[in-house]
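Colleague: Kindly generate the corresponding structure for this input.
(one chain, ligands or ions: 1)
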Amino acid sequence: MLLTISTTHRPATDLGYLLHKNPARLQTEELSFGKGFVFYPEASADQCTAALLIEIDPLALVRGRGPAGEGGQLEQYVNDRPYAANSFLSVAMGRMFTTAMSGRSKERQELADTAIPFSAFLPVIAVRGGEDLVRRLFEPLGYTFAVQGSRLDEKFPEWGRSPYVSLTVSGTVRLQDLLTHLYVLIPVLDNEKHYWVAQDEIEKLLKRGEGWLPQHPEKDLIVSRYLKRQRHLTREALTRLLEDDAPSEETDGAPVKLETTERAPSLHTQRLQVVLSAIQATGAERVLDLGCGEGKLLRLLLAEKQFESILGMDVSWRSLEIAKERLRLDELPERQRGRIELIQGSLTYRDQRLNGFDAAAIVEVIEHLDAARLATFERIVFEFARPKHVVLTTPNAEYNTVFGTLPAGDFRHGDHRFEWKRAEFETWATGVAGRFGYEVRFEPVGPLDAERGAPTQMAIFSQKQVAA
Ligand code: SAH
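Modeller: Model (predicted):
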């Protein structure tokens with residue numbers, strides 16, 4: 001199994017510094033499935049090529065962690081794994097190009113940070129999905145590509161196509177990008193059995209996909225193929241990728257800009273109190289806090305005996321970790337601990353765990369969703385989870401000018417995708433209520449301005465048969 005990486009950036013031999021592998025020496029590494037070698041078939045100032053060759057030991061694959069043979073004994077020993085580029089190549093890259101993949105270079109940091117012309121050549125790779133798949137995967141990342149020899153046999157075209165091709169991928173990128181793209185996309189092209197797929201693969205995928213995978217138009221395909229269609233893993237990875245869409249400062253409901261705009265310490269607190277009262281008034285015993293963030297509302301809910309079962313969900317793993325700590329979940333007495341659960345999930349995926357609740361709070365969350373995902377969100381909450389009551393808040397855009405410090409037309413938070421005027425919110429909420437069989441009423445939250453209303457707007461939805 002072979003991969004070569006070439007550059008024409010002068011002096012091309014600097015590739016040796018970028019890969020931390022001296023062009024004059026053969027480097028060898030013992031891997032659990034065989035041996036890896038790095039050497040340079042050419043190394044001149046004009047053109048330099050590094051080769052990563054993997055010698056797979058087919059017996060090592062069968063021993064220990066290797067893939068168990070499904071199609072009979074022979075297949076365990078005789079297969080394409082030693083020859084065609086596949087996930088083992090990614091593993092070897094991770095081992096032998098560790099520093100380069102992390103974007104560091106002791107001697108040539110500036111060059112490592114610079115996009116230079118590269119060409120990667122995979123003499124044999126099984127592309128399960130044809131040239132079209134190659135295009136969909138590599139073109140959005142700015143590469144050109146060439147695919148050669150997809151006939152099973154040149155002399156007998158009637159035998160049809162073979163998945164095995166030679167693939168060249170070229171582009172002007174940072175070496176780190178080229179390596180991480182290949183690391184993730186080689187197993188995706190091959191789409192064969194990994195010997196690994198496990199929970200920690202999500203971590204690897206997310207780490208290697210940082211900065212490009214969340215924006216890739218074929219994100220879903222890449223994730224599901226990479227994780228070999230293990231649905232629970234795929235789903236978790238996708239939600240965590242979504243989390244990447246959110247800015248990193250996004251940790252609680254008093255977001256960055258609000259510090260200057262909602263200076264009164266209490267708008268947020270006030271909002272949570274109002275939401276709490278609204279939920280109490282429904283008589284709910286089983287409650288959801290969707291987009292619970294760091295768990296401020298959860299704390300209030302937990303303090304009320306009325307609520308027997310409380311489920312907090314957020315897409316952000318980090319927020320959930322903070323919530324868990326702030327609520328001191330680990331220290332709660334057993335009975336209390338049994339009342340509350342925190343889960344990671346996204347309001348844009350259908351989720352059975354959200355079924356069967358009396359009420360849901362969705363506080364300052366919808367404005368974080370892409371407008372295009374709003375219709376999905378509506379179905380997830382009002383059609384599938386379908387709590388009897390939903391208490392939902394969002395900023396009132398009209399009020400923004402009252403803050404004074406916020407430039408006109410600006411949102412209160414960098415991650416807000418939209419902020420609605422009162423009429424816009426009411427139109428949306430009334431539409432939702434009508435479509436899903438709820439009644440809705442509105443309440444302002446926070447100090448009222450005669451013309452512009454209150455800073456926060458709240459809608460309280462109740463299922464029609466419940467309200468009646
Ligand atoms: N409700 C909390 C947090 C509001 S901030 C409070 O009022 O304090 C918005 C929260 O929505 C963030 O925690 C963010 O991670 C979460 N969020 C954004 N998109 C989401 C999605 N698709 N599914 C679930 N939560 C999401």
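
Colleague: Give the bridge partners for Ala459, please.
Modeller: Leu392, Phe442 (DSSP bridges).

Colleague: Might one say that it is in contact with Arg441?
Modeller: Yes: with contact defined as Cβ atoms under 8 Å, Ala459 counts as touching Arg441 (7.4 Å). C-beta here means a position set from N, CA and C on the backbone, and glycine is covered the same way.

Colleague: Any stretches of this structure with poor pLDDT?
Modeller: 60-77, 193-200, 229-233, 235-236, 239-266, 404-409, 414, 466-468 (pLDDT under 70).

Colleague: Go again with 50.
Modeller: Along the chain, the model assigns pLDDT under 50 to residues 65-72, 244-265.

Colleague: can you give me the strands for it?
Modeller: Along the chain, counting by DSSP state E, strands occupy 2-7, 27-31, 34-43, 48-56, 116-126, 144-148, 164-173, 286-290, 309-314, 340-344, 359-363, 389-395, 438-445, 456-463.

Colleague: got the buried residues for the longest one?
Modeller: So that's strand 116-126. Burial within strand 116-126, assessed by neighbour count using 16 or more other Cβ atoms under 10 Å, is assigned to Ile116, Phe118, Ser119, Ala120, Phe121, Leu122, Pro123, Val124, Ile125, Ala126.

Colleague: so the last one bridges to which residues?
Modeller: Looking back up the chat, that one is Ala126. What pairs with Ala126, by the bridge criterion (DSSP bridges), is Tyr164.

Colleague: Can you verify my assumption that it contacts Ile186?
Modeller: No: Ala126 is beyond contact range of Ile186, at 10.1 Å (criterion: Cβ under 8 Å).

Colleague: which residues do these two both contact?
Modeller: Asn86 (Cβ atoms under 8 Å, 6 or more residues apart in numbering).

Colleague: neighbour-wise, which of Ala459 and Arg441 wins?
Modeller: Ala459 (23 against 13; other Cβ atoms under 10 Å).

Colleague: what's near enough to touch that one?
Modeller: Val390, Val391, Leu392, Thr393, Phe425, Glu426, Ala429, Val440, Arg441, Phe442.

Colleague: Spatially, and excluding backbone neighbours, which residue is closest to the first one.
Modeller: Ranked by Cβ to Cβ, 6 or more residues apart in numbering and with sequence neighbours excluded, the top spatial neighbour of Val390 is Phe461, at 4.2 Å.

Colleague: how about the nearest residue to Asp220, chain neighbours excluded?
Modeller: For Asp220, the spatially nearest residue (Cβ to Cβ, 6+ apart) is Leu238, at 6.8 Å.

Colleague: The one you found and the ligand: what is the separation?
Modeller: 11 Å (Cβ to the nearest ligand atom, to the nearest Å).

Colleague: For that residue, give me its contacts.
Modeller: Residues near Leu238 by Cβ under 8 Å, 6+ apart: Lys219, Asp220, Val223, Ser346, Tyr349.
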